[in-house]
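[1] Got a predicted structure plus its sequence, pasted below:
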Amino acid sequence: MVDLSLAEKCENLMNVVVESRKKFGKMCIDYEQKTSLVENKMLNLQLETISNYRFKPKQTVPNIDVEDMCQDIDNFSEEILERYNRIESLQKRLGTTQDVILQLKSDKISRKLREPMTAELLLAKAKNKLVWDIRTDSIIF
């Protein structure tokens, strides 16, 4: 063995490395498979224990009477209908109020009432309305 050349020594060492890689690669693959099997068994065991466990509720669910529920639903529907009718009547009253407002805006008397009433303004209007009658040589109101 002493007489082996450097190339043969390298080749022998490479063969040893390749064989050790094969051996340890198989061992790693086996290890991975075994660990995944164990993990799956543990998960299945945990799922089994959880599924078999009976949970107790913190609060018991009350037994609700069907008649009471129906009565509550009927009361609620009546309340909704009442509110709907009130809204409809408010809409009708709003429409009539809008009509009244439009009439007031177009009414001449309401326009006159909106103008400020002062003595000076009334005198000025009266002076403008005065008409001089030429025949009688007097003021006509």
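    Nice, I can see it. Residues are numbered from 1 along each chain as shown.

[2] Please count neighbours and contacts with C-alpha atoms only from this point.
    Fine.

[3] Walk me through the domains of this structure.
    1-53, 78-106 (automatic domain parsing).

[4] now these as a markdown table including distance to C70 and mean neighbour count?
    Shown next, in a markdown table, are the domains of the chain (distance: least, C-alpha to C-alpha, whole Å; neighbours: other C-alpha atoms under 10 Å):
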| stretch | distance to C70 | mean neighbour count |
| --- | --- | --- |
| domain 1-53 | 37 | 11 |
| domain 78-106 | 12 | 12 |
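
[5] of these, which approaches L122 most closely?
    L122 lies closest to domain 78-106 among those, at 22.3 Å (C-alpha to C-alpha).

[6] for that closest one, the distance to its chain's centre please.
    How far domain 78-106 lies from its chain's middle: 31 Å, per C-alpha atoms, centre = their mean, to the nearest Å.

[7] Name the SS class of P62, please.
    coil (DSSP: H, G, I helix; E, B strand; the rest coil).

[8] oh, and call the first residue 4 from now on, that's how I've got it
    All set: I'll call the first residue 4, so the last point we hit is now P65.

[9] What backbone torsions are found at it?
    phi -70, psi 150 (degrees, to the nearest 10).
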